[in-house]
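Asks: Starting from these lines, generate the structure:
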Amino acid sequence: MEFILKALAANEDVVQSGDLDLQLLGSATDLPTLVGKVLPWVGAAAGILAFAYLIFSGFLYLTAGGNAESAKKGQQGILNAIIGLVIIALAYTITTALIGTFNSTTTP
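Replies: The predicted structure follows:
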């Protein structure tokens, strides 16, 4: 982890666009802070991928055209995507709560 922080600190003024500020990311000195800064980006990426899979599986289901195997594949994909979205939401909630607990106990 120290290697990543040093690399980010060395390149802090290379990329600063939008909400992603690598200078702030490079100032993270402990794991809860680093996870707290990276978590929204990872959660958003995972949510977008799961939602895209949901749309793709819905398209498969709708275009099955009477083919039972293709329809079942689409249904299973929809179910898997919904389960994935629930897992992503729960993981984000639990991790955010743990980070808040760690930050409140380590900050006087």
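
Asks: This structure: helices as residue ranges?
Replies: Along the chain, counting by DSSP state H, helices occupy 2-10, 22-26, 31-62, 68-106.

Asks: and among those helices, the most buried is which?
Replies: helix 22-26 (a mean of 17; mean count of other Cβ atoms under 10 Å). For glycine as for every other residue, the C-beta is placed from the backbone atoms N, C-alpha and C.

Asks: what's the average pLDDT for that one?
Replies: Mean per-residue pLDDT for helix 22-26: 53.

Asks: Just checking, which helix or strand of this protein averages the lowest pLDDT?
Replies: strand 16-17 (a mean of 47; mean pLDDT, DSSP states H and E).

Asks: what pLDDT does the residue lying closest to Ile88 once chain neighbours are set aside get?
Replies: Of all residues not flanking Ile88 in the chain, Ala46 sits nearest, at 4.9 Å (Cβ to Cβ, 6 or more residues apart in numbering). Looking at Ala46, its pLDDT reads 94.

Asks: what's the answer for Thr106, then?
Replies: Value for Thr106, per-residue pLDDT: 61.

Asks: same thing with Glu12?
Replies: At Glu12, the model reports a pLDDT of 48.

Asks: And for Val42?
Replies: Per-residue pLDDT puts Val42 at 91.

Asks: And it, how far from Val35?
Replies: 9 Å (Cβ to Cβ, to the nearest Å).

Asks: Would you confirm that Gly36 contacts Thr101?
Replies: No - contact criterion Cβ atoms under 8 Å: Gly36 and Thr101 do not qualify, at 11.7 Å.

Asks: C-alpha coordinates for stretch 63-81, PDB please?
Replies: Coordinates of each C-alpha in stretch 63-81 appear next as PDB, following Å, rounded to 0.1, in the frame of the first residue of the first chain:
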ATOM      1  CA  THR A  63     -35.500 -11.600 -28.300                       C
ATOM      2  CA  ALA A  64     -35.700 -15.300 -27.400                       C
ATOM      3  CA  GLY A  65     -38.500 -15.700 -30.000                       C
ATOM      4  CA  GLY A  66     -40.000 -18.800 -28.500                       C
ATOM      5  CA  ASN A  67     -36.600 -20.500 -27.900                       C
ATOM      6  CA  ALA A  68     -37.000 -21.900 -24.400                       C
ATOM      7  CA  GLU A  69     -33.200 -22.300 -23.900                       C
ATOM      8  CA  SER A  70     -32.500 -18.700 -24.800                       C
ATOM      9  CA  ALA A  71     -35.400 -17.400 -22.700                       C
ATOM     10  CA  LYS A  72     -34.100 -19.400 -19.700                       C
ATOM     11  CA  LYS A  73     -30.700 -18.000 -20.300                       C
ATOM     12  CA  GLY A  74     -32.100 -14.400 -20.300                       C
ATOM     13  CA  GLN A  75     -34.200 -15.100 -17.100                       C
ATOM     14  CA  GLN A  76     -31.100 -16.500 -15.300                       C
ATOM     15  CA  GLY A  77     -29.100 -13.400 -16.400                       C
ATOM     16  CA  ILE A  78     -31.700 -11.100 -15.100                       C
ATOM     17  CA  LEU A  79     -31.800 -12.900 -11.700                       C
ATOM     18  CA  ASN A  80     -28.000 -12.900 -11.500                       C
ATOM     19  CA  ALA A  81     -27.800  -9.200 -12.300                       C
END
